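[1] A structural model of the following input is requested.
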Amino acid sequence: MTRASLDKQPHEVASMFDDVAANYDLTNDVLSLGQDRRWRKEVAKAVDARPAERILDLAAGTGTSSLPFTRTGAYVVPCDFSLGMLREGKKRHPWLPLTAGDATRLPFRDDSFDAVTISFGLRNVQDTDQALRELHRVTKPGGRVVICEFSHPTWAPFRTVYEEYLMRALPPVARAVSSNPDAYVYLAESIQFWPEQADLAGMLQKAGWSKVAWRNLSGGIVALHRGTKSQ
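    Sure, this is the predicted structure:
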């Protein structure tokens, strides 16, 4: 079984997600106590996909995160660099145009999408700044980005309890439900070392996005960042 390190070598991260592909969605549901469903609903609202729009769902994994966008009549491209995740997604959703791609070198032309989104995947990319620039490149002028990522609770006592859960309670739960529990130790560590909400907003602005804003979900366990590509 593969466990990626915090230097996030792409082949290690991809292999790790290959290992957990079969039970990934179920494991996330258990570890988040069902909150991931609510978070994804908030993503769908923020993206606000419309009929005939082109939506890029990056780090889409098995394609589960893409389904709410397809229901609006939008054309959705689920993209991920884990071939194991994509194979699992093809079994479940054979009609989805699942696409292999690296966030730092997206296989799409400039100005291709009306909206781009990535949920719980940006912190696994080795070069976050480059990924944000690539998302900007493939978005049409006037288009939008929505990023949903684990973040940092804003209330200090809750933050302490949450970090204790991540490092002490999460690994034994992962051992019970995941095919690769060590992967979830890495995922917990990657959350702890992820930038604060305001820092990620600054990275978005540096990558060229305007009208950048964010709001916290579940007390800051997750943050929803948004931005627009200038006309």
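[2] Quickly note the distance from the most far-flung residue of the chain relative to its centre to D129.
    What lies farthest from the middle of the chain is P157; by Cα atoms, centre = their mean that is 26.5 Å. From P157 across to D129, the span is 33 Å (Cβ to Cβ, to the nearest Å). Where C-beta positions appear, they are placed from N, C-alpha and C, glycine not excepted.
[3] mind checking which helix or strand the residue farthest from the centre of the chain is in?
    Per DSSP states H and E, P157 falls inside helix 156-164.
[4] again with A213
    A213 is located in strand 210-217, with elements delineated by DSSP H and E.
[5] roughly how far out does that strand sit from the chain middle?
    The gap between where strand 210-217 is centred and where its chain is centred comes out at 16 Å by Cα atoms, centre = their mean, to the nearest Å.
[6] Would you mind checking the average pLDDT for the helix or strand where M203 lies?
    Using DSSP H and E, the element containing M203 is helix 197-206. Average pLDDT, helix 197-206: 98.
[7] before we move on, the earlier item: strand partners (parallel or antiparallel) of the next helix or strand after the strand holding A213?
    Using DSSP H and E, the helix or strand that follows strand 210-217 in sequence is strand 222-228. Sheet pairing of strand 222-228 (DSSP bridges) gives strand 139-150 (antiparallel), strand 210-217 (antiparallel).
[8] List the contacts of the longest one.
    Counting contacts by Cβ atoms under 8 Å, 6 or more residues apart in numbering, the residues outside strand 139-150 that touch it are 39-40, 42-43, 46-47, 111-123, 135-136, 191, 194, 200, 204, 209, 221-231.
[9] Buried ones among these?
    By neighbour count, with 16 or more other Cβ atoms under 10 Å, the contacts of strand 139-150 hold 39-40, 42-43, 46-47, 112-123, 135-136, 191, 194, 200, 204, 209, 221-229 as buried.
[10] tell me the secondary structure for L56?
    Following DSSP: H, G, I helix; E, B strand; the rest coil, L56 is assigned to strand.
[11] Measure how buried it is and give me the count.
    For L56, the neighbour count with other Cβ atoms under 10 Å is 27.
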